[in-house]
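[1] let's see this in three dimensions:
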Amino acid sequence: MQMLLLFMAVSFVVVFLVLLLFPSGSKVDIKGRLEALEETPELLVAKEAEKELDKPFFDRVIRPLLSSAAGKDKEKKDGKGASQKTANLRKMLAQAGYPGGLTAAEFVIVQRLFFIASLFGCASMTFILSKGLLPLGLLVGAMIGIVGPNFFVKRRIANRLHDIQRQLPDVLDLLTVAVEAGLGFDAACDKVVEKMKGPIPDEFSLTLRQMRMGQSRRDAFKAMGERVEHPDMKAFVSAIIQADQLGVSLGHVLRIQSEQLRDKRRQRAEEAAAQAPVKMMIPLVLFIFPNVGLVIGGPALFQILDAVAP
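    A predicted model of the protein is given here:
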């Protein structure tokens, strides 16, 4: 018994000495780990600061200023006209895809700043050219400041609708393949968002977020159709809602919609090809035919003048 106790005591001392003299890592490693643990908050702050500096200048500086100005310039809720104007502006921004991520209030601030900048710029240019042209410069600057932002938004809407019209058949093909492969419709929409880029995947992403927040599929897709306001998209949304209500196979509905949109795309291409000769007549008559006439008739005209001259 005494030998056993002595053996246990010796073993304990030996293990203690081994651990003390040969730790599980050098002192440098242990010191480095301790320093890393002590500097973790500073490293996190540094990483956050680095992420903040990696953002574009617009997101770091301009957007906070716009948000602050929009917060201080809240519109009055008493006037019905102001609320209707805000609703129309919000709808236009939604159709344009929220350019720059601007809200309606922030876009109003941008409109005012653009109006002041255009007014000052045109007035300065006309004042430098001639003091008498200053009223004309003020008038032109005011017109540009009023029309410019709305023209920009309308152009964005037109380009986005064109992109939607061209991308929708491809999106329907991917949805059809995904649904017929066994995925649910929501999972197929997720696959579209994952595999494709453009206005329709962006709209699908927003619609899926609304559905995950508790909105029904019918209401979410109906809102998407109202946001886009394109005939092809409205037809697609109506077909999806009806198939969901009636219990029709979504794969069959999507395939029919895809074939119809393919036919529409081919018809639009044929129509554009038929209009091309008519549109080409204007540059031909105004720019190409006169040059060809000069090249061919110029030398002949000089020869005729030389022959007629005495």
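[2] so which elements touch the strand or helix carrying Ile109?
    Element membership for Ile109 (DSSP states H and E) is helix 104-129. Counting contacts by 3 or more Cβ pairs under 8 Å, 6 or more residues apart in numbering; DSSP states H and E, helix 104-129 is packed against helix 63-72, helix 80-95, helix 134-180. Placement of C-beta: from N, CA and C, glycine included.
[3] what about it, average pLDDT?
    Helix 104-129 comes out with an average pLDDT of 84.
[4] what distance do you get for Gly148 to Leu136?
    Separation of Gly148 from Leu136 (Cβ to Cβ, to the nearest Å) stands at 18 Å.
[5] ok now do the closest residue to Glu229 other than its chain neighbours, which residues does it touch?
    Nearest in space to Glu229, with sequence neighbours left out and distances taken as Cβ to Cβ, 6 or more residues apart in numbering, is Gln95 at 6.3 Å. Counting by Cβ atoms under 8 Å, 6 or more residues apart in numbering, Gln95 touches 157, 160-161, 227-229.
[6] can you tell me how far Gln95 is from Ile164?
    Per Cβ to Cβ, Gln95 is found 10 Å from Ile164.
[7] overlap of the contact sets of these two?
    Val228.
[8] ok, and for whatever helix or strand Ala272 lives in, which residues are buried?
    Per DSSP H and E, Ala272 falls inside helix 250-283. Going by neighbour count (16 or more other Cβ atoms under 10 Å), the buried part of helix 250-283 is 250-251, 253-255, 257-258, 260-261, 264.
[9] repeat that for stretch 169-185.
    169-172, 174-179, 185.
[10] returning to what we had before: which positions within the next helix or strand after the helix holding Ala272 qualify as buried?
    Toward the C-terminus, helix 250-283 is succeeded by helix 289-308 as the next helix or strand (DSSP H and E). By neighbour count on 16+ other Cβ under 10 Å, the buried set for helix 289-308 is empty.
[11] coming back round to it: list buried residues within the contacts of Gln95.
    Buried among the contacts of Gln95 (16+ other Cβ under 10 Å): 157, 160-161, 227-228.
[12] so, low pLDDT: which residues of the stretch 1-150 of the chain?
    Within the stretch 1-150 of the chain, the segments meeting pLDDT under 70 span 1-82.
[13] could you report the neighbour count for Cys189?
    The tally of other residues near Cys189 (other Cβ atoms under 10 Å) stands at 25.
[14] that one contacts Glu203, doesn't it?
    No: using Cβ atoms under 8 Å, Cys189 is not in contact with Glu203, being 9.9 Å away.
[15] over to the residue most central in space within the chain. Which of the three states is it?
    The structure's the chain has its C-alpha centroid closest to Gly97; by Cα atoms, centre = their mean the separation is 5.9 Å. Secondary structure state of Gly97, per DSSP: H, G, I helix; E, B strand; the rest coil, is coil.
[16] roughly how far does Asn88 sit from Val153?
    Asn88 sits 11 Å away from Val153, taking Cβ to Cβ as the criterion.
[17] so between these two, which is more surrounded?
    Per other Cβ under 10 Å, whichever of Asn88 and Val153 has more neighbours is Val153, with 19 against 11.
[18] distance of Ile164 relative to Pro201?
    Ile164 is 11 Å from Pro201, by Cβ to Cβ.
[19] what's the answer for Gln111, then?
    Noted for Gln111: a distance of 29 Å to Pro201, by Cβ to Cβ.
[20] so who does the residue nearest to Phe185 when sequence neighbours are not counted touch?
    Nearest in space to Phe185, with sequence neighbours left out and distances taken as Cβ to Cβ, 6+ apart, is Leu250 at 5.4 Å. Residues near Leu250 by Cβ under 8 Å, 6+ apart: 179, 185, 240, 243-244.
[21] switch the cut-off to 10 Å
    Contact analysis of Leu250 by Cβ atoms under 10 Å, 6 or more residues apart in numbering lists 175-176, 179-180, 184-185, 188, 239-240, 243-244.
[22] give me the mean pLDDT for the helix or strand Thr207 falls within.
    Per DSSP H and E, Thr207 falls inside helix 199-212. For helix 199-212, the mean pLDDT works out to 90.
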